[in-house]
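**Student:** I would like the atomic coordinates for the input below:
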Amino acid sequence: MKKIKPGEPFQMGNQIWEYSLKEGAVSIKAVKELKPKKEDKIFIPPTLDEVKAFWKENGYNDHGAEQSFRYYSEAEPPWTDSRGKEVRSWKQKMRGIWFRDEFKLPQETKKANDPTNGVVM
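**Tutor:** Model prediction:
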């Protein structure tokens with residue numbers, strides 16, 4: 001057990017404490033409360049079907065979904081980016097890196113004779 005000198009901070013539980021000794025009396029006070037550490041989330045790679053569904057929800061085609069899925073699943077080690085860092089959020093990677101115009105689904109064309117121009121009243 002380590003001896004603590006007066007004025008030297010020490011940890012007990014989730015707080016930092018300090019004690020002082022004045023005129024024979026011991027005084028202990030909490031100096032700082034520590035925040036609990038965040039536990040690292042374990043990355044669970046998506047399935048190809050999950051990636052395809054996410055792409056479709058966002059208006060992109062299956063070709064891009066398959067290409068991005070292969071890129072990350074075939075990496076060494078799997079699901080790491082071009083810099084070798086682990087992918088933490090695959091949806092964020094898709095939005096930031098892979099969602100490009102070339103993978104967009106074609107928009108439905110508006111009818112030229114439609115006076116409401118697709119607006120529902």
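
**Student:** quick one: pLDDT of the most centrally placed residue in the chain?
**Tutor:** Closest residue to the average C-alpha location of the chain: S89 at 4.8 Å, with CA atoms, centre = their mean. In this prediction, S89 carries a pLDDT score of 92.

**Student:** also P36?
**Tutor:** pLDDT for P36: 74.

**Student:** element containing it?
**Tutor:** Assigned by DSSP states H and E, P36 belongs to no helix or strand.

**Student:** next, count neighbours for the residue nearest to it when sequence neighbours are not counted.
**Tutor:** With CB to CB, 6 or more residues apart in numbering as the criterion, P36 has its nearest non-adjacent residue at 6.7 Å, and that residue is N14. The way it works is simple: take the backbone N, C-alpha and C, and place the C-beta from them, glycine included. Neighbours of N14 under the rule other CB atoms under 10 Å: 10.

**Student:** how close does the residue nearest to the centre of the chain sit to E23?
**Tutor:** In this view, S89 and E23 are 58 Å apart by CB to CB, to the nearest Å.

**Student:** quick check: phi and psi on the closest residue to E33 other than its chain neighbours?
**Tutor:** Spatially, and ignoring its direct neighbours in sequence, E33 is nearest to Q15 (5.2 Å; CB to CB, 6+ apart). Note on Q15: its backbone torsions stand at phi -130, psi 150 [degrees, to the nearest 10].
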